[in-house]
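1. Turn this into a structure:
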Amino acid sequence: MRLTNPHNPLHTAWIAKHVQYGKDLTSEELEQVKALIINYADIFACSLGEVLPVPGAVHQLNIPDRTTFNLQVHQRPLTPPQTQFLHGKIDEMLKAGIIEHAPPEAGKCCTNTVLAKKAHKQEGMTLEELQYSVNEQCSQNGQLHITRM
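-> Residues are numbered from 1 along each chain as shown. All right, here's what the predicted structure looks like:
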């Protein structure tokens, strides 16, 4: 939907619901920010499947030949909710084509899985900081500046 119809009401409603807005915004500023987000709905992905690959991007590890790695995992058992979350994310990435199944013998290195909750303690940018950042990015990409909201 992001590529075919980014301003579809279902897509924009999902985005508006999931964006976290600063508590320091006035009601007028909040409406302006929501309008800006809806106006640029095409840059938001609602799922991993909507994330676009970067053309020409290559992930390459330069590991010297004959380097050995640990192939034993010393994983602390995951709790049932952690297992459900992790398996759900793996299934989502498999479905989106981000990762693929690999046989165990294809593994060259093993390590523990670490699940950490994101800590969002900062309030985020002020409206002026956000406007400056957007204008800066517009300048870098040859776009017109946004006007003061």
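2. ok, residues contacting the top helix by length along the chain?
-> When the chain is parsed with DSSP state H, its longest helix is helix 80-96. For helix 80-96, the surrounding residues in contact (C-beta atoms under 8 Å, 6 or more residues apart in numbering) are 47-49, 51, 78, 99-101, 113, 115. Quick note: C-beta positions are derived from backbone N, CA and C, even for glycine.
3. which of these are buried?
-> Neighbour counting with 16 or more other C-beta atoms under 10 Å marks none of the contacts of helix 80-96 as buried.
4. In TSV: the residues you listed, plus distance to Met93 and secondary structure.
-> Putting those into TSV (distance: C-beta to C-beta, whole Å; DSSP: H, G, I helix; E, B strand; the rest coil) gives the following:
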residue	distance to Met93	secondary structure
Ser47	11	coil
Leu48	6	helix
Gly49	9	helix
Val51	10	coil
Leu78	17	coil
Ile99	5	coil
Glu100	9	coil
His101	11	coil
Thr113	14	coil
Leu115	15	coil
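5. if we take the residues you listed, which one ends up nearest to Leu71?
-> Nearest to Leu71, judged by C-beta to C-beta, of the contacts of helix 80-96 is Thr113 at 15.4 Å.
6. Quick check, the closest one in contact with Leu78.
-> Yes - between Thr113 and Leu78 there is a contact at 7.3 Å, judged by C-beta atoms under 8 Å.
7. pLDDT-wise, which helix or strand of this structure ranks last?
-> Using mean pLDDT, DSSP states H and E, the weakest-scoring helix or strand in the chain turns out to be helix 127-140, at a mean of 81.
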